[in-house]
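> Build the 3D model from these lines:
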Amino acid sequence: MTVDDTDETTAPAVTLHRTYAADAATVWRAWTDPSILGRWYGCQPDQLWRIHEWHPRVGGALHVSMDVGAPDTPGPPRGDDGRYHVRGEFLVVDEPHRLEYSFGDGQRIEVMLDAADGSASTEVTVRHHGFPPDGPPPTEMAAILDAGWTASLHQLAGALSS
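Numbers count the residues shown, from 1 in each chain. Okay, here's the model as predicted:
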């Protein structure tokens, strides 16, 4: 993990890199096909995002939600259904190289795939820009995001091998 204090918008960012034994088209599908995404995208195996909308095209909507524990436990704000909801839109969709989306209060995710033509392995870089303004201090938030993305990217490896 790399934690940057600023980016082009002076927002903090967390960056992770992983290499997968799968071609770029397969990894791309895992990020863009809701039926695959729903099997791995989340902070832990028992804490996956529920995919309500996931339309990976420029301007396309995204809406996901997650059970984040009992209503009386600390954590992000919950909807009427007791789940934490995230809504946003896709900003960049460049198959199979780059996916970028924004959500909530100025947060932005960049997913970059790098693979040589015909390669059976793909390097993935995930960069999470911006931290929730009402969240914990930046150092603590960076650790929380790193743990969540680390688990999610580990789960992606399992989804790619199944």
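> is it fair to say L145 lies in a helix?
Yes - per DSSP: H, G, I helix; E, B strand; the rest coil, L145 lies within a helix segment.
> Same question for the helix or strand harbouring S35: list its buried residues.
Per DSSP states H and E, S35 falls inside helix 34-37. The neighbour-count check on helix 34-37 (16 or more other C-beta atoms under 10 Å) flags P34, I36, L37 as buried. All C-beta atoms are positioned from the backbone trio N, CA, C, and that covers glycine.
> was I right about the second one contacting S162?
What that stands for is I36. No - contact criterion C-beta atoms under 8 Å: I36 and S162 do not qualify, at 9.5 Å.
> shaky segments in this protein?
1-11, 69-76 (pLDDT under 70).
> One more pass at 50, please.
Along the chain, the parts satisfying pLDDT under 50 run over 5-9.
> need the strands for it, in chain order.
Assigned by DSSP state E, the chain shows strands spanning 2-4, 13-20, 42-44, 47-48, 50-54, 61-66, 84-94, 98-103, 107-114, 122-129.
> Mind putting these into a markdown table with mean neighbour count and distance to L156?
Converted to a markdown table, these look like this (neighbours: other C-beta atoms under 10 Å; distance: least, C-beta to C-beta, whole Å):
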| stretch | mean neighbour count | distance to L156 |
| --- | --- | --- |
| strand 2-4 | 13 | 19 |
| strand 13-20 | 18 | 7 |
| strand 42-44 | 17 | 10 |
| strand 47-48 | 16 | 12 |
| strand 50-54 | 16 | 15 |
| strand 61-66 | 19 | 15 |
| strand 84-94 | 16 | 18 |
| strand 98-103 | 18 | 13 |
| strand 107-114 | 18 | 10 |
| strand 122-129 | 20 | 8 |
